[in-house]
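>>> Build me a model:
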Amino acid sequence: MEPVSGEALRGLSREEARARYEALPLPDTSMEAWRFTDLRGFDPDSFSHVSVPGTGTGPKESMIDIDVAGLAYGDEAGIEIERAPDGVTFEPLARHPLLGELVDADEKFAAHNAAEWSNGLLVRVQPGVVLEQPLYVRITNSVDAGALFWRLLVVAEEGSRFSLIEEYSSTEQALAGYTNAAAEVFVEQGAKLEYVSIQNLSPETWHFASHRARVGRDAELDWVAGGFGSKKGKTRIENDLAGQGATSRVTGCYFADGAQQLDYDTLQKHLAPNTTSDFAFKGVLRDQARAVWRGMIRVAKDAQKTNAYQENRNLLLSPRAHADSIPGLEILANDVRCTHGATISQVNRDELFYCMARGLSRSEAELLIVRGFYQEIFDRIELAPVRDALQSVLEARIVA
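As a prediction, the model looks like this:
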């Protein structure tokens, strides 16, 4: 696909986006949203923005073994559609009226994406269409010290029902890199979308992503987010409950070890009455790994009868692992139910002793405890192959 030129995002040209990116400072710890994530030593412009001849796209091993209705692969060299179902738009993204409506160029990394992206995917499911099998896209960082800019636009039209799996990964050759992704998801009236986004990049890749969804009247979004790879960065997840009766459920799990740092910034924005959001994230940290979660429930003045919940639980497997969990509420309506919870704890010594006293090794005992810790999260995932794949990845990392 030829790189997109001219108007990159809703009236903003690439030149304007590039100027905005260059004018904005690299975030530092003096900014509240970046207080716990230090980007010193990181230069986005030091990574190559050009594809390397011969890398190409094509089938690569996916972490989820599942029969799919549509399949696509993307990397620095382009995007390849292997198959697509009838009646569904599943094609390389160029221009679209909704492009940039949810993720524009309001901060440093979103502006960089707006200026540089050339590869992306458009998914549009027509009104009333129901897909029994999911759509699958795998984005691969395949160039060492390369930069990969990716864009996803999803439109679930009225009454449609389907699942979409998005996976970020690295090849063995891509030891280090910089990935910058943006996803815009529109769930229109009465539609239901299960959106699975899994990040499993190499441990020397900087990863920044902005994922934002708008959920319409009586529509439902079931969002699963998994974070296992990357070196450091930030992932923004935002749900706009824009139509009366809209429902959003976000289920997240992450695991980090070594010197990894995962940073999630989430927002549940209730804009209409009788809306519901349910957010649950759990993570396990080992060695010197760090995790940051900053969550906000924001209820507009007219969003009466809102029902919102958010929780973040962290389990630390070593004394040097660290987590920061910051829940928040901004409520302008007076007839709502909004609650939140956050915990950070070490492995219970009594539980560990109990397991080891019955013949388990320390790693086996920790695996058993971690399984129990994550079980509530796994029970929320509807797609069994996704649930099984996440369990397998987590257990492989824990026993490594």
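>>> Only C-alpha atoms from now on, for both contacts and neighbour counts.
Fine.
>>> The chain: helices as residue ranges?
With helices called from DSSP state H, the chain shows them at 14-23, 108-116, 349-356, 362-379, 384-399.
>>> relative to helix 362-379, how tilted is the third one?
Put plainly, it is helix 349-356. 110 degrees (axes from the mean of the first three to the mean of the last three CA atoms, to 10 degrees).
>>> what does helix 349-356 contact?
Where contact means CA atoms under 8 Å, 6 or more residues apart in numbering, the residues beyond helix 349-356 that reach it are 362, 365, 366, 369.
>>> Look up the pLDDT of the last one for me, please.
According to the per-residue confidence, residue 369 scores 90 in pLDDT.
>>> for it, what are its contacts?
By CA under 8 Å, 6+ apart, the contact list for residue 369 reads 347, 351, 352.
>>> check contacts around residue 221.
187, 192, 193, 194, 195, 215, 247, 248, 249.
>>> which one of those residues is nearest residue 397?
residue 195 (24.0 Å; CA to CA).
>>> Test my guess that the closest one contacts residue 226.
No - between residue 195 and residue 226 there is no contact, the gap being 11.3 Å when judged by CA atoms under 8 Å.
>>> Check the gap between the closest residue to residue 14 other than its chain neighbours and residue 16 for me.
Residue nearest to residue 14 in three dimensions, not counting chain neighbours: residue 115, with 4.7 Å by CA to CA, 6 or more residues apart in numbering. When distance is defined by CA to CA, to the nearest Å, residue 115 is 8 Å away from residue 16.
>>> Between those two, tell me which one has more neighbours.
Relative neighbour count places residue 115 above the other of residue 115 and residue 16, with 25 against 17, counting by other CA atoms under 10 Å.
>>> For that one, give me the pLDDT.
Reading off the per-residue confidence, residue 115 sits at a pLDDT of 95.
>>> could you measure residue 143 against residue 109, distance?
20 Å.
>>> So for those two, which sits in the more crowded spot?
residue 143 (25 against 22).
>>> pLDDT at the more buried one, what is it?
In this model, residue 143 is scored at 90, pLDDT.
>>> Now it. Nearest residue, chain neighbours left out?
residue 174 (5.0 Å).
>>> Ramachandran coordinates for that neighbour?
Comment: the main-chain dihedrals of residue 174 come out as phi -90, psi 80, following degrees, to the nearest 10.
>>> which ones are touching the residue nearest to residue 14?
By CA under 8 Å, 6+ apart, residue 115 lies in contact with 8, 13, 14, 15, 16, 17, 18, 21.
>>> where in this protein is pLDDT low?
Screening the chain residue by residue with the criterion pLDDT under 70, one finds the ranges 1-8, 11, 50-61.
>>> If we use 50, what do you get?
For the chain, residues meeting the criterion pLDDT under 50 lie at 1-7, 53-59.
>>> possible to save the contacts of residue 115 as CSV with distance to residue 84?
As requested, the contacts of residue 115 are exported to CSV (distance: CA to CA, whole Å):
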residue, distance to residue 84
8, 26
13, 31
14, 30
15, 34
16, 35
17, 32
18, 34
21, 35
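>>> burial count for residue 358?
Residue 358, neighbours per other CA under 10 Å, totals 9.
>>> Please list all residues in contact with residue 25.
residue 108.
>>> sorry, back to before: if you rank the contacts of residue 369 by neighbours, which is first?
Note: the member of those with the most neighbours is residue 352, at 19 neighbours, neighbours being other CA under 10 Å.
>>> For it, give its distance to residue 373.
For residue 352, the distance to residue 373 under the criterion CA to CA works out to 13 Å.
>>> swap in residue 76?
Residue 76 is 37 Å from residue 373, where distance means CA to CA.
>>> so residue 248 makes contact with residue 220?
Yes - at 5.8 Å, residue 248 and residue 220 qualify as touching, with contact defined as CA under 8 Å.
>>> quick one: contacts for residue 161?
When the contact criterion is CA under 8 Å, 6+ apart, the partners of residue 161 are 128, 129, 130, 131, 191, 192, 193.
>>> Next, the fifth one: phi, psi?
If I follow you right, that is residue 191. The phi/psi pair for residue 191 (degrees, to the nearest 10) is phi -90, psi 160.
>>> from the contacts of residue 115, which single one is nearest residue 123?
Taking CA to CA as the measure, residue 123 lies nearest residue 8 of those, at 18.1 Å.
>>> these two touch, right, residue 347 and residue 316?
Yes - taking contacts as CA under 8 Å, residue 347 lies within contact range of residue 316: 6.3 Å.
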